[in-house]
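S.K.: Sequence and predicted structure below; questions after.
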Amino acid sequence: MAAKPRVGIFDFTGCEGCELNHLNFEEQLLDILEHVDIVEWREAMDERADELDIAFVEGSLSTPDCITRINAIRRKSKILVAVGACAVQGGVNAMKNLQPIEAVREEVYGEDKYLFPTLPALPLSAVVKVDHEIRGCPMTQIEFLKVFTALVMGKRPVETDHAVCVECKLRENECVYDKGMVCLGPVTRGGCAAICPSFGQYCTGCRGLVSDANPAAMEQILVDHGLAAEEARKKLQLFNANQLEGTQS
Amino acid sequence: MDRLLLEDADLFRFIAHLVACKTVYAPQRKGADSYVFAPVDDPQAVVLDYPRTLHSIKKYFLPPREELLSFNLRSNAFAAAEVEPVNAIFLGVHSYDLHAVLKLDHNFSQGNAERNYLTRRQGAIFIGVSYRPDRFHFGGSVGIPVADTTGCDLFLHRLDRGHVVEIVSDTGRELLRGLDLPAFTGELPRTADFEQHIYLPQGKLTEVFARGYQSGIWEEVAEKCVGCGTCNLVCPTCYCFNVEDEVDVSLEGGSRQRHWDGCMLREFSQVAGGEVFRNNLAARQRHRVYRKFKYISDQTGEPWCVGCGRCTAYCTAGISIVNIVNRLVQEHDWANAAKL
Amino acid sequence: MSRSQLLDPAAARDLYSPVMAEISAIEDLTALEKLYRITLPDGAELGHKPGQFVELSLFGVGEAPLSISSSPTLRGHFELGVRRVGMLTEMLHRLPVGARVGIRGPFGNGFDLDALAGKDILIIAGGIGLVPLRSLINYVRDRRGDFGRLIICYGSRSDRELLFDAERAEWEADPSIELHVTVDRGSAAWRGRTGVITTLLPEVELDPRSSVACICGPPIMYRFVLLSLRAQRLAAENIFLSLERRMKCGVGKCGHCQINGSYVCQEGPVYRYSELEALPEAL
């Protein structure tokens, strides 16, 4: 990349919390802004760009219009980064996919449903090639910094593919299970420095499953710790409905 | 005069005396139900009657994260990180954790001796303490009884209302100067029995594990295992580490860091081209157990597992290394019986 | 275990600080591979054996293990053949001549030159396996009298991926070298043999009593090559394989390169086939 990379920030179906998290960088924000030219960001400016070096995209795809838009963003961007659980794996939106889509449409829109075409909530990768991912709900700030600095350096970002447990153990955290709670850390991708367990909350799995996850064993662990089988399944489905078997669309 | 009496009433005075000599690390409460070694500020916070700490004292000699060197990206220059001797008193160490340190000493001294670890090891004084084995401890099965004083400078044997202070080394004796503790002339208290045992036939470690390579136990364990890496990361004799460069967001500089890694993680054996050389959980479980009971043991004649029980206590899937090894022993015995 | 096991740190070394060296030349070998000439400060010798590797450092990126591709008889610098395959090698491929890189090493055991002395050497190189074997080949050429026949069997996926064109021409022209080359699939321009590397082996007549084989290539290749060599009655002790694993620290501490109980960066990467019986994970 010559000169400063031209960056665009986009959102689809989501809460925009990931974008908000961009602004939460505080001390690092100035350094970040120093390295790039933000040329398109609907939330903060009016301008648009025809060509981008890096597109950061939040949100999942849930309407035909989304498909059109994401293809356009992909065409004009050298690198496309999926930001946040919705963009990376579908996020909480994907829980919709566990039920027949027509039933969902009826429930939400009633008689006017014919006005609102809808698709199953999809990750960006279902439609376009995604070059890199920043996981988390909201996106994990330290991972954003890692990916961002790597891209500006021209280096391939390394993705985290070990369980949150690794990071809890490095921090010598008391295990959430020993506090009488249950936790999805054992099958959830780290890279967040185990932030939730470190502050007394259990891991809800927002960063998605590790690539070699054993969901059946994880459900068994939850059941062994007092959950009914149905509850255990639902815990995993909260952020990972698309990744588990039995997803309808 | 090798045994002195330290009554509970004198305990805080004893600890305060130690704190006045050097930095003291001792077990203290953490969270709802856990303990960690931490610097002692308040002697009253020290807990000497505890089942286990989250990390062993390994964390002081091989820290979970450590900077190896720092670099400047503009000048492409670097500087090795300064490493300081720990130079502290470790109060209340269980025998299995001390043995683990001695095993790490071996690992970091032989072959390419590593300066970082060996520098940190300097100046460490160890005060052991006895413990009441719970359902996870099994040190006795791997040659490490509760009251084993190997490697200690002093050892505290728990009594009804105090401890017997056993002087094990001259450093320990020196440490007690000025305390004027009375002599103890009674019998050393009997330690509680272990609840968990590995039934390792004498001198048969090699045979059991030679046969065990093909056992069906590995696949069985793999079905329950989620590959989270906890067992590696809590083990006091594990020392595998990963090295990564971190860059400041200013892009001016950064550092090369190492942190604990584990062979149970899939990426552990993955090369740049993508190939993963130990690509299933069964193989990784087997490798982990063999590192503890065969590979290093073949050379040193000792198990490399110290029976602390952490891997089993902290495994959310309830996988027990004791059960695995006992199963291998059983299969070995059956196979031998079948030959008769 | 007694306390006397603990070594004085003054007797230990800083294992992780690299020496800064310069990229003094770069040659494009193929679309994916480049050959780097590395010069140490004051032209110091690396002091390596054929079959060893170094850890090359790019600050801010990391380290990668790279096989040394030149013979120690090449003085004043050493060569690394690098395929662009991961994060570090991608960055390395963008660096110009004159760029400075960190070097740690040499690491590993290298080929057992005493065991090879006086023997007929059969080199079997699959694809990028030729990179470390080139170090041995050129060593044998430079010490030609110390060895018997030098037979090179080299196979690649396609002619476009063949390495070291100019040097191969030298080997071809050298009457004391028997060179056999094949590609799995040839392009329209290819005039040489096609077929997998094992098709070359039956043509080589070996006296198993005075021959050794030195093999390096992709994991899948080893099994078939070994079958062929055993059929030719070559003893397991006389077959040397260079195995790849994830080498990271290079000094036998970090654990990533383990094959069963063996640290590949210490007891390998070169193993006799007879040693691999105790290492079931090896192949």
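M.R.: Looks like it arrived, so ask away.

S.K.: Once you drop chain neighbours, what's closest to the residue of the stretch 51-200 of chain B found nearest chain A?
M.R.: Closest residue of the stretch 51-200 of chain B to chain A, CB to the nearest CB: residue B:64 (4.5 Å). For glycine as for every other residue, the C-beta is placed from the backbone atoms N, C-alpha and C. Nearest non-adjacent residue to residue B:64, counting by CB to CB, 6 or more residues apart in numbering or on different chains: residue A:170, 4.5 Å away.

S.K.: residues touching that neighbour, list them.
M.R.: A:194, B:64-65, B:233, B:259-260 (CB atoms under 8 Å, 6 or more residues apart in numbering or on different chains).

S.K.: For stretch A:213-231, the averaged confidence score.
M.R.: Stretch A:213-231 shows a mean pLDDT of 96.

S.K.: Look at the residue in the stretch 51-200 of chain C positioned nearest to chain A and say how many residues are nearby.
M.R.: In the stretch 51-200 of chain C, the residue that lies nearest chain A is residue C:87 (4.4 Å; CB to the nearest CB). Around residue C:87 there are 17 other residues, counting by other CB atoms under 10 Å in any protein chain shown.

S.K.: In three-state terms, label the nearest residue to it once chain neighbours are set aside for me.
M.R.: Spatially, and ignoring its direct neighbours in sequence, residue C:87 is nearest to residue A:156 (4.4 Å; CB to CB, 6+ apart). With DSSP: H, G, I helix; E, B strand; the rest coil as the basis, residue A:156 sits in coil.

S.K.: picking that back up, next one: the residue of the stretch 51-200 of chain B closest to chain A from residue A:158, what distance?
M.R.: Distance, residue B:64 to residue A:158, by CB to CB, to the nearest Å: 19 Å.

S.K.: can you check residue A:47 too?
M.R.: Separation of residue A:47 from residue A:158 (CB to CB) stands at 33 Å.

S.K.: Looking only at neighbour counts, state which of the two leads.
M.R.: Between residue A:47 and residue A:158, counting by other CB under 10 Å, residue A:158 is the more crowded of the two (16 against 11).

S.K.: For the closest residue to the more buried one other than its chain neighbours, which residues are in contact?
M.R.: Leaving aside its chain neighbours, residue A:158 sits nearest to residue C:87 (6.4 Å; criterion: CB to CB, 6+ apart). Counting by CB under 8 Å, 6+ apart, residue C:87 makes contact with A:155-156, A:158, B:272, C:61-62.

S.K.: Out of those residues, the closest to residue C:147 would be?
M.R.: residue B:272 (33.2 Å; CB to CB).

S.K.: picking up where we left off before, thinking the residue nearest to residue C:87 is in contact with residue C:90, fair?
M.R.: Yes. At 6.0 Å, residue A:156 and residue C:90 qualify as touching, with contact defined as CB atoms under 8 Å.

S.K.: out of everything not next to it in sequence, what's closest to residue C:113?
M.R.: The shortest distance from residue C:113 to any non-neighbouring residue, by CB to CB, 6+ apart, is to residue C:49 (6.8 Å).

S.K.: re earlier: so what's the residue nearest to residue C:87 up against?
M.R.: Residue A:156 neighbours (CB under 8 Å, 6+ apart): A:150, C:86-87, C:90.

S.K.: now the helices: where do they sit in the stretch 151-283 of chain C?
M.R.: In the stretch 151-283 of chain C, helices defined by DSSP state H, counting those that start in this stretch lie at C:165-173, C:219-231, C:264-267, listed in chain order.

S.K.: My error: substitute chain A in the last question.
M.R.: Secondary structure of chain A (DSSP state H): helices at A:17-23, A:27-35, A:64-76, A:85-89, A:101-109, A:141-153, A:164-170, A:195-198, A:215-224, A:229-240.

S.K.: deepest of these, which one?
M.R.: Most buried of these, by mean neighbour count (mean count of other CB atoms under 10 Å in any protein chain shown): helix A:85-89, with a mean of 31.

S.K.: Only C-alpha atoms, please: export that one in CSV.
M.R.: Below are the C-alpha coordinates for helix A:85-89, written out as CSV (Å, rounded to 0.1, in the frame of the first residue of the first chain):
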residue,chain,number,x,y,z
ALA,A,85,-19.9,-11.5,15.7
CYS,A,86,-22.7,-10.6,13.3
ALA,A,87,-20.4,-10.1,10.4
VAL,A,88,-18.1,-13.0,11.2
GLN,A,89,-20.6,-15.7,12.1
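
S.K.: beta partners for the closest residue to residue B:79 other than its chain neighbours?
M.R.: Spatial nearest neighbour of residue B:79, chain neighbours left out: residue B:70 (5.6 Å); criterion: CB to CB, 6+ apart. Residue B:70 forms beta bridges with residue B:79, residue B:255, as assigned by DSSP bridges.

S.K.: Residue B:70 against residue B:77, yeah?
M.R.: No. Residue B:70 lies out of contact with residue B:77 (CB under 8 Å); the separation is 9.7 Å.

S.K.: Looking at these two, which one has more neighbours?
M.R.: residue B:70 (17 against 13).

S.K.: Name all residues that make contact with that one.
M.R.: Contact analysis of residue B:70 by CB under 8 Å, 6+ apart lists B:78-79, B:81, B:253-256.

S.K.: ok, now how distant is residue A:9 from chain B?
M.R.: From residue A:9 across to chain B, the span is 17 Å (CB to the nearest CB, to the nearest Å).

S.K.: let me redo that: residue A:232
M.R.: 13 Å.

S.K.: Can you tell me the closest non-neighbouring residue to that residue?
M.R.: Leaving out its chain neighbours, residue A:232 is closest to residue A:222 (CB to CB, 6+ apart), at 3.7 Å.

S.K.: which phi and psi does residue B:189 have?
M.R.: phi -60, psi 150 (degrees, to the nearest 10).

S.K.: Burial check on it, number of neighbours?
M.R.: By the criterion of other CB under 10 Å, residue B:189 has 14 neighbours.

S.K.: same question, the one 3 residues further on
M.R.: Neighbour count of residue B:192, defined by other CB under 10 Å: 14.

S.K.: Make sure it is actually in contact with residue B:132.
M.R.: Yes. The criterion here is CB under 8 Å, and residue B:192 meets it with residue B:132 at 4.8 Å.

S.K.: For residue B:232, give me its contacts.
M.R.: Residue B:232 makes contact with B:238, B:240, B:260-265, B:288, according to CB under 8 Å, 6+ apart.

S.K.: residues touching the residue nearest to it when sequence neighbours are not counted, list them.
M.R.: Spatial nearest neighbour of residue B:232, excluding adjacent residues (CB to CB, 6+ apart): residue B:262 at 2.7 Å. Contact analysis of residue B:262 by CB under 8 Å, 6+ apart lists A:166, B:229, B:231-233, B:238, B:240, B:268, B:288.

S.K.: cool, and residue B:245?
M.R.: Contact analysis of residue B:245 by CB under 8 Å, 6+ apart lists B:71, B:254-257, C:59-62.

S.K.: got the contact list for residue B:308?
M.R.: Going by CB under 8 Å, 6+ apart, residue B:308 touches B:52, B:56, B:94, B:96-97, B:100, B:136-137, B:139, B:235-236.

S.K.: Including secondary structure, distance to chain A and neighbour count, could those residues go into TSV?
M.R.: Output for the contacts of residue B:308, formatted as TSV (DSSP: H, G, I helix; E, B strand; the rest coil; distance: CB to the nearest CB, whole Å; neighbours: other CB atoms under 10 Å in any protein chain shown):
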residue	secondary structure	distance to chain A	neighbour count
B:52	coil	12	23
B:56	coil	11	26
B:94	coil	17	29
B:96	helix	18	27
B:97	helix	14	27
B:100	helix	16	27
B:136	coil	13	21
B:137	coil	17	27
B:139	helix	22	24
B:235	coil	10	26
B:236	coil	13	26
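
S.K.: Before I go, just wanted to say thanks for your time.
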